[in-house]
Structures are given as structure tokens and as C-alpha cells.
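coords please:
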Amino acid sequence: MRVAYQNSLALILAASFASTIGGLPFNSLPILLGALADTFALKPQEIGILGSVCFAGYLVGTLSSVLIINRFCWRKLTVLCALASCCLLLLSALSDANWQMFLWALIGFFAALMTCLGLRIIGQTLNKERALGIRQGIELGVTSIVLFFLPAFIISQFGYVGVALSLCIIIFLLSLSVFWLPKNTHLSTENKSIKSQLDIPLSAWLALLVFLIFATGNIALWAFLERIGNSIELESAQLGIVFAVLKLLGGGAALSVALVGNKLGLRKPYIIVLSVLTLGLYFIWTSLTSGSNQFVFFAMGAWVWEVAFTWGCVFQTAAVARLDQKGSAIMLIPAAFGVSAMAGPALGGWLASFGYQQVLLLAFATSIVAVICYIGPLAVKQRQVTKEGLADNIN
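You can find the predicted model right below:
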């Protein structure tokens, strides 16, 4: 019998907070790197390498999670990762520049484990769209608060040491949700061998590949969104407004999925995502070609695109979880996202040399590929897997 949990709000919140802990170093990386640069007088090249090292640790953590998470109690693993993250941040604040790369590689590693743990737990809920929407909304909401609070009140007064201490406090508070997790419980499987944990259904691998394609094209656009605004000569204040509202809308979009849940079925969500995303890309395209109201078109385009992209990520993550009832595939979502975060900006940079419209076309093309796959063969397979799961639960 496969393990599936009712949509207990306490369990979903606990998993969401665990995932948020993992996302904190990654989501606040620009601010952290800036504070590190000021504190240790690091050169731009050194900052870039430090960010890459952190991301390398994060990628190793996501790939390792498939082999690690199923072997440990949820509570113990949450406490271990939260404690390790706090200790590493404190050591980073107290150490000199020579230790930062080693420490930040480990910070990235444990952050990835926390993110994957949250996804692993959420992947076992019955209404995956609802649970993943809550998770994404909480993560983006906390990130927005952190990104507002740290520069305005902490960095200016206390520098990197203050940032590290603040993140430790936030991680401690979020980790208190560990008491909402079942006691002495983990998602046990009949076979915990490496071969068994990597035995992921072919359809789930295909869904991961499609997610990677979708994310690559859209992250390429995200990487150059500021440059697009700069090319139409928007002022810094205007860009600040666009990106501040954009993150809030991303959180709202995720929570809207939580409200809708799985009521839209297996095909309709992707048709909606493609329609809204296309509208957003059209507005951005118009901002590049229109001689007037460029700020309005750019802002509307960026905001509408962000909503669609968030929806797309949540719905596709739910599909990956549904296609692999054992829960291994969903832990590879951060790895797929990470690979796309490396490939997207590089591909976008090459296309941008031919004009920013080419980057918009890439986002549109990869989104079409994803939607065709999800409303076609992957929808059929999800329906089949869901029926098999219900039959197993009855038996």
C-alpha cells in the first residue's frame, strides 16, 4: 500500500516552513553576497565564485536527497539541517574570507536537503496542488519580508554579522514547526537500497525533463528582465516598483493555486498557464516595440508573466509527485530547477545578442512544449497512476 496523507494543514505548514528554511540562503543570496563583499572587501570575481560554490553545494544536496531523506525520521532530519544551517551561518560570520567558500558550499548543501524534505512530505498529500500552492506562497511571502527587512534595518547597522544572526533567528523560529510532524515517523519504503530509491517511473523522468525545459526558457527571461527594462530606458525607481510588486504577485499566485487545488483537473491548468503567460510575453514584447507607455506595458507584462510562471511551476511539481508515488522524483525538482538556472541565463545571453525579442520567443517556445506534453501523454499517465493508487489504498 502506498503512503498518502490527508491534507492536514499542520503537516502542510510544517513541510512548507522546512522548505522555506532551505530557500532562505538561495532567495536572499544577492543580499548575502553584497554584505559579504562589504565586510570582507571581496572583488566581484570572488563574489561570483562564492555564489557558484554555494549553488554547487545546493545542487549536490538536491541530488543526494533521494538517497538520504527516506532513511531518516522527519523530525530528526529537520532539527539536524536547521542546526547545521545556523552553526554554519554563525561560523561564516565569525570566520575570515578564506573559509567562506567551504562554509557556503555546506550551507547550500543543507539548504537543499531542507527544501527537498519539504517537497517530499508535501508530495504525499492527496491534494498536491493545494499543498504546493501553500508551500510556494509561504516561501515567497517570507522571502519578501526578509528582502525588505534585512537591507533596511540590519545590513546598514550591523553588516554581514547582523544578517547571519537574523537568518539564524528566522531559521530557529521556522524550525519550531517540527513539532507538527509525526513523532518517530518517516516515509518508510519496502526497500531502501540505492537502486530502489533511484527506480523512478519513466513518466516521472519525462515530467522532470519537461519541467527543466519549461524552467530553462522562462529563467532565461527572468535573468534578462531587468536588462529589458533598462533597454527601454526605465528609471531605477520604476524597475524597483516592478520587481517589488512582482514578488508579491508570485506569492499571491501560489496561494491562489492553494485555494483552487486540484479542482481544475489535469489539462485545464496548463491551458490557463499558457494563455496567461502568452499575454504577459505579448505585453513585454509591446514595451520593446511601442514608442509610448513602455513602462505600463513592461510592468503589466512582467507581472502577468510572473503569475503564469509561478502557476506553471506549482502545477508541474504536483504532476511529478503524482507520477511517482514513492516520492523520489519530487525531490529532484530543485535539481532540475538548478540545472535550468545554469542553462537559462547562458542561453538567454546568447539569444539576447540578437535582440531581447529572441529571449521572449524562447520562453514562449519552451512553454508550448511543456503544455503539449502535460495535456497529452503526461495527463493520460497521471490519470492512470491516480486510479492505480486509489485501488491500492482500497486494498
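
only C-alpha atoms from now on, for both contacts and neighbour counts.
Will do.

which residue ranges of the stretch 201-350 of the chain form helices?
202-231, 236-260, 268-289, 294-323, 333-352 (DSSP state H, counting those that start in this stretch).

pick the most buried one from those.
helix 294-323 (a mean of 24; mean count of other C-alpha atoms under 10 Å).

and it, what does it pack against?
helix 128-149, helix 202-231, helix 236-260, helix 268-289, helix 377-394 (3 or more C-alpha pairs under 8 Å, 6 or more residues apart in numbering; DSSP states H and E).

for those helices, which one sits closest to residue 366?
helix 202-231 (5.0 Å; C-alpha to C-alpha).

same question for the closest one, mean pLDDT?
Here helix 202-231 scores 90 as its mean pLDDT.

can you list the weak-confidence ranges in the stretch 101-250 of the chain?
Residues of the stretch 101-250 of the chain that meet the criterion pLDDT under 70 lie in 182-198.

swap the cut-off to 90 and go again
108, 112, 115-160, 163, 177-201, 219-220, 222-250 (pLDDT under 90).

on that earlier part again, now the helices and strands packed on helix 294-323 in TSV, with distance to residue 356?
Below are the helices and strands packed on helix 294-323 laid out as TSV (distance: least, C-alpha to C-alpha, whole Å):
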stretch	distance to residue 356
helix 128-149	27
helix 202-231	7
helix 236-260	17
helix 268-289	8
helix 377-394	32
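
looking at those, which is nearest to residue 333?
Closest among the helices and strands packed on helix 294-323, using C-alpha to C-alpha: helix 202-231, at 6.9 Å.

what helices and strands are in contact with that closest one?
Counting by 3+ C-alpha pairs under 8 Å, 6+ apart, helix 202-231 packs on helix 294-323, helix 333-352, helix 356-375, helix 377-394.

for residue 113, which of those helices is the nearest?
helix 333-352 (9.9 Å).

what's the closest non-adjacent residue to residue 280?
The shortest distance from residue 280 to any non-neighbouring residue, by C-alpha to C-alpha, 6 or more residues apart in numbering, is to residue 301 (4.1 Å).

which residues touch that neighbour?
279, 280, 281, 282, 283, 284 (C-alpha atoms under 8 Å, 6 or more residues apart in numbering).

what's the closest of these to residue 306?
For these, the nearest to residue 306 is residue 280 (8.2 Å; C-alpha to C-alpha).

wait, the closest one sits on residue 305?
Yes. With contact defined as C-alpha atoms under 8 Å, residue 280 reaches residue 305; the gap is 4.5 Å.

thinking again about what came up before, I'd like the helices and strands packed on helix 202-231 as TSV, with distance to residue 111 and mean pLDDT appended.
Formatted as TSV, those follow (distance: least, C-alpha to C-alpha, whole Å; pLDDT from 0 to 100):
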stretch	distance to residue 111	mean pLDDT
helix 294-323	19	93
helix 333-352	11	85
helix 356-375	28	95
helix 377-394	30	73
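
in CSV: those helices, plus distance to residue 123.
CSV is the format used below for those (distance: least, C-alpha to C-alpha, whole Å):
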stretch, distance to residue 123
helix 294-323, 5
helix 333-352, 11
helix 356-375, 18
helix 377-394, 13
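
relative to residue 82, which of these is closest?
Minimum separation from residue 82 across the helices and strands packed on helix 202-231 (C-alpha to C-alpha) falls at helix 333-352, 18.3 Å.

quick one: that closest one to helix 294-323, angle?
140 degrees (axes from the mean of the first three to the mean of the last three C-alpha atoms, to 10 degrees).

what residues does helix 333-352 touch?
55, 59, 62-63, 112, 115-116, 208-209, 211-213, 215-221, 223-224, 317, 358-359.

also stretch 40-48?
By C-alpha under 8 Å, 6+ apart, the list of residues contacting stretch 40-48 reads 33, 36, 37, 96, 97.

ok, for the last one, nearest residue in space, not its chain neighbours?
By the measure of C-alpha to C-alpha, 6+ apart, the closest residue to residue 97 outside its immediate chain neighbours is residue 40, 6.1 Å from it.

distance check, that neighbour against residue 101.
13 Å (C-alpha to C-alpha, to the nearest Å).

which neighbours do those two have in common?
In contact with both residue 40 and residue 101: no residue, using C-alpha under 8 Å, 6+ apart.

looking at these two, which one has more neighbours?
residue 101 (19 against 13; other C-alpha atoms under 10 Å).

and the more buried one, what does it touch?
Neighbours of residue 101 in contact, by C-alpha under 8 Å, 6+ apart: 50, 53, 54.

now do the contacts for residue 242.
By C-alpha under 8 Å, 6+ apart, the neighbours of residue 242 are 299, 302, 303.

residue 76: which of those residues is nearest?
Using C-alpha to C-alpha, residue 303 is the member of the contacts of residue 242 that lies nearest residue 76, at 39.6 Å.

what's the nearest residue to the closest one if we skip its chain neighbours?
residue 246 (5.3 Å).
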